[in-house]
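> What would the 3D arrangement of this be:
(one chain, ligands or ions: 2)
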Amino acid sequence: MSDDIDKLLRKKEEPRRKDKDLFETVEEVFDTATVMTIIELIRKKIIKKLNGVVSTGKEARVYLGIGYNGEYLAVKIYLTSTAEFKKGIYKYIMGDPRFRGVKIKDTRTLVYVWTRKEYRNLKRLYEAGVKVPRPVAFLNNVLVMEFLGENGNRYPLLIEAYKELEVEELKHVYHLILDEVVKIYCKARLVHGDLSEYNIVVTPGLDIAIIDVSQAVDLSHPNSEEFLIRDIENINRFFREETGISTYSLEEILEAVKEC
Ligand code: ATP
Ligand code: MN
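Numbers count the residues shown, from 1 in each chain. Ligands and ions are numbered 1, 2, ... in the order given. The predicted model follows:
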């Protein structure tokens, strides 16, 4: 048994002692099954430990993880207790041929399917050459991927970074995003479905990465066209209203996307 698990199990018997180890990080938020999943990922040597929270959302939390080679990892943990979740994500799973025949008996099962869906989307995008974090592993409601950041500090989202950018830099970023929209469609044969300034990371050298791909759907999904249009309109609206740079029309972009 590794030292970390040993320490973790020992902590369980004395949960009042305050320090910043793994159990302390997870005990208030996560149920036993989630804690056991994290322990299993440690046992499998996928993560060595969790080192503090990167983001706390309604449906998921992202932690900074440390791998066995000392590398940083992003560990996205879906909450299995959110009722809203079920309604919100159901339509993205139904209609996706990859999930035909999957029986969903309860919220936990749905969240596990959702986590697997994000991992599979991430893998498909990564292998197609789309700029996304490299997928590492998933188990139950936990997804492990490359950490986009430096020294444990995440790179900024577009919404956080754009005010510092010059007009020419904004135009550059806009074009980079459109390139990825085309790649997601033509190479990965997916539509992101939640593309916005909140799910685009600005990386060094004025490059970008796309995150949060759980809701991405196969092109054969009945709503893929509607999601594609919404993605493009989100990006255009952001650049038009917030940066004032001139954008292509929806039609122009759709034409470019569908050229493949
Ligand atoms: P929310 O419930 O807040 O909407 P979410 O479902 O949108 O969460 P993500 O967008 O995937 O989840 O991640 C939340 C935040 O965690 C991101 O805005 C980003 O700041 C950070 N993050 C996610 N993935 C990574 C990563 N691979 N590397 C670094 N930071 C990340
Ligand atoms: Mn997000």
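> Now do whatever residue of the stretch 51-200 of the chain ends up closest to ligand 1 against ligand 2, distance only.
Residue nearest to ligand 1 within the stretch 51-200 of the chain (CB to the nearest ligand atom): residue 57, separated by 1.9 Å. The way it works is simple: take the backbone N, C-alpha and C, and place the C-beta from them, glycine included. Residue 57 sits 7 Å away from ligand 2, going by CB to the ion, to the nearest Å.
> Ok, residue 177 next?
From residue 177 across to ligand 2, the span is 15 Å (CB to the ion).
> helices and strands around the helix or strand hosting that residue, which ones?
Using DSSP states H and E, residue 177 maps to helix 167-186. Helix 167-186 sits against strand 190-191, strand 207-210, helix 224-238, helix 250-257, with contacts defined as 3 or more CB pairs under 8 Å, 6 or more residues apart in numbering; DSSP states H and E.
> Can you lay out these as a markdown table showing mean pLDDT?
Shown next, in a markdown table, are the helices and strands packed on helix 167-186 (pLDDT from 0 to 100):
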| stretch | mean pLDDT |
| --- | --- |
| strand 190-191 | 98 |
| strand 207-210 | 98 |
| helix 224-238 | 98 |
| helix 250-257 | 98 |
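> Determine which stretch of these is the most buried.
strand 190-191 (a mean of 26; mean count of other CB atoms under 10 Å).
> strands paired with it, and their directions?
strand 217-218 (antiparallel) (DSSP bridges).
> how about the residues of this protein that lie near ligand 1?
54-55, 57-60, 62, 74, 76, 133, 145-149, 154, 157, 199, 211-212 (CB under 6 Å from any ligand atom).
> Those in strands, which ones?
Taking DSSP state E, the ones among the residues of the chain next to ligand 1 that sit in strands are 54, 55, 60, 62, 74, 76, 145, 146, 149, 154.
> Just the buried residues of the residues you listed.
54, 60, 62, 74, 76, 145, 146, 149, 154 (16 or more other CB atoms under 10 Å).
> so can I have a markdown table of the residues you listed showing pLDDT and distance to residue 178?
What follows is these, written out as a markdown table (pLDDT from 0 to 100; distance: CB to CB, whole Å):
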| residue | pLDDT | distance to residue 178 |
| --- | --- | --- |
| 54 | 96 | 27 |
| 60 | 93 | 27 |
| 62 | 97 | 26 |
| 74 | 98 | 25 |
| 76 | 98 | 26 |
| 145 | 98 | 24 |
| 146 | 98 | 23 |
| 149 | 98 | 25 |
| 154 | 98 | 24 |
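> Could you export those residues as TSV, including distance to ligand 2?
Below are those laid out as TSV (distance: CB to the ion, whole Å):
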residue	distance to ligand 2
54	12
60	8
62	9
74	12
76	10
145	13
146	16
149	15
154	12
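> Out of the helices and strands packed on helix 167-186, which is closest to ligand 2?
strand 207-210 (10.4 Å; CB to the ion).
> mind listing what the closest one pairs with, with the direction of each?
strand 200-203 (antiparallel).
> Rounded mean pLDDT for the strand it pairs with, please.
The average pLDDT within strand 200-203 is 98.
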